[in-house]
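Student: got a sequence here, can you build the structure:
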Amino acid sequence: MSFLSLLTPEVLLSAMLVLLLVMKIFSDNFSRSTVLIVISLFFLASAIITLIVQPVGSLFGGMFVVIPMIAIEKSILLFATFIISLLAFEWLLSYRNYLEFYLLLISIMLGMFIMISAGHFLSFYLGLEMATIPLAALSAFDIDKPRSGEAGMKLILSSAFSSGILLMGISFMYGTCGSLYFDEVKMLFTGSTIQMAGFVFLIAGFAFKISVVPFHLWTADVYEGSPVAVTAFLSVVSKGAAVFIFMSALYKVFGAVSGLWVYLLAILSVATMIIGNLFAIRQQNIKRFLAFSSITQAGYILIGIASGTLQGPASVVYFILVYLFSNLAAFTVVAVISEKTGKEDISDYNGLYKTNPRLSAALMLALFSLAGIPPTAGFFGKWFLLASGMSTGMMALIVIAAINLVVSLYYYLRVVRAMFVDQNEKSIAFIRSNVAAKLGLVICSAAIVLTGFLSFIYQYIYSFSYGVQ
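Tutor: Down below sits the predicted model:
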């Protein structure tokens, strides 16, 4: 394959980055709404092109690797960014530094794509840092609000700590194997004491990025303080990228010791589901509520990763796709209400259905999907994750997951009850959503209903899946 075809999404993002830098110089000559529309369409076009091209090969001496599954993962993240761009449209329309928002966003995407395609621990770490630093700046992007600056500071400190742990694990691998190439580390990994210590450090560093208990403490504060669009990006794109590279590293590098990390992931999964559920029940702020919901979802994702079978990666990628639509639909409603009223508490949503029936219906559908209630796509996503766990005989883990699914119904339906049942003398007045937000909600709502029934989507992902080798 040619150099450019292997780097299709990276080249597209780099070109847009240069174009935005030039546009920043002449920003007074461009219509803001036109620029935002063009950038949104760029993300959509990039997602489609990346999915169609799907090259196979490697570059830079094997440090950058592309296979069809990686192309699918990148396409999913680009499409999620397109929805987030629609979500942020009205907010950026009135924000003076709107071009800087996309400069940071595209820099993050480039770092994530380098990380996902890494065939070498050094290129993985460089991609990780390239994504992390602008992500912290993006969390602090709402410079007029102290909470946003606090969110950025907490994210950069926790990221620095987790990156240090990852780097320590990588250094142990290099010290014992003499190489950082995934393929060579796989052959030279013998399970010695220092190698296992390095492996545990790597697991801990990844757990920070995915918000796995007990490495989740930064999540709720950062989600609450960040602008809603950034919170949506953190919960879907950032987490999705971390899950993809974590799964790839476990399967391709440490598959020989899968008997050890399967049980470790099972323990982390149980702790994450239980703690995430318990804290989600107590939340009053809608963004903190979705943060702990996101933590709980990470627990279910670990079940799919722990399976080690061909069904594992397919179920995880499919679940991320479903989670994308469900979570972004919820965040779009939250963004519209927050932008118009500044209200973010669950109690503020009391009686929302009477004044805003469409927003209420969209949020209800999203919450049903996050809860895994049939026939939404969330039900099928969780079904495939649990099925991948059952295929390896982890019945105790599946039973615990099923119990947590029932518990999660309480707090998801609590928000639905607030909108449709509870009364509020000062209900949120009717909100006229902008066209971009409406389009995003229509896409997400339709996908929540249809993705589960369109069985060829899962079959297509499964056809490119890989297991522990």
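Student: which other helices and strands contact the helix or strand of the chain with the lowest mean pLDDT?
Tutor: Lowest by mean pLDDT, DSSP states H and E among the helices and strands of the chain is helix 3-6, with a mean of 77. Secondary-structure packing of helix 3-6 (3 or more C-beta pairs under 8 Å, 6 or more residues apart in numbering; DSSP states H and E): strand 57-59. All C-beta atoms are positioned from the backbone trio N, CA, C, and that covers glycine.
Student: so how far is the strand it packs on off the chain centroid?
Tutor: Its chain's average C-alpha position is 26 Å from that of strand 57-59, according to C-alpha atoms, centre = their mean, to the nearest Å.
Student: for that strand, buried residues please.
Tutor: Along strand 57-59, not one residue counts as buried under the neighbour rule (16 or more other C-beta atoms under 10 Å).
Student: that one packs against which elements?
Tutor: helix 3-6, strand 64-66.
Student: ok, back up a step: report the rounded mean pLDDT for the next helix or strand along the chain from the least confident helix or strand of the chain.
Tutor: Downstream of helix 3-6, the first helix or strand assigned by DSSP states H and E is helix 8-25. Averaged over helix 8-25, pLDDT sits at 88.
Student: now do the phi/psi pair for residue 421.
Tutor: Torsion angles at residue 421 (phi, psi; degrees, to the nearest 10) stand at phi -120, psi -50.
Student: now do residue 465
Tutor: phi -70, psi 170.
Student: run a quick neighbour tally on it.
Tutor: 19 (other C-beta atoms under 10 Å).
Student: against residue 427, how distant is residue 224?
Tutor: Distance, residue 224 to residue 427, using C-beta to C-beta, to the nearest Å: 23 Å.
Student: so between those two, which is more surrounded?
Tutor: residue 224 (21 against 18).
Student: that one reaches residue 150, doesn't it?
Tutor: No. Residue 224 is not in contact with residue 150 according to C-beta atoms under 8 Å; the separation is 9.4 Å.
Student: ok, the residue lying closest to residue 186 once chain neighbours are set aside to residue 69 distance?
Tutor: Leaving aside its sequence neighbours, residue 186 sits nearest to residue 253 (C-beta to C-beta, 6 or more residues apart in numbering; 5.0 Å). Using C-beta to C-beta, residue 253 is found at 16 Å from residue 69.
Student: same question, residue 277
Tutor: Separation of residue 277 from residue 69 (C-beta to C-beta): 31 Å.
Student: quick one, phi psi at the residue nearest to residue 186?
Tutor: phi -110, psi -40.
Student: so which bits of the strand or helix carrying residue 272 are buried?
Tutor: Residue 272 belongs to helix 258-282 when assigned by DSSP H and E. Neighbour counts over helix 258-282 (16+ other C-beta under 10 Å) mark 258, 261-262, 265-266, 268-277, 279-280 as buried.
Student: report pLDDT for residue 253.
Tutor: In this model, residue 253 carries a pLDDT of 86.
Student: what's the burial count for it?
Tutor: 23.
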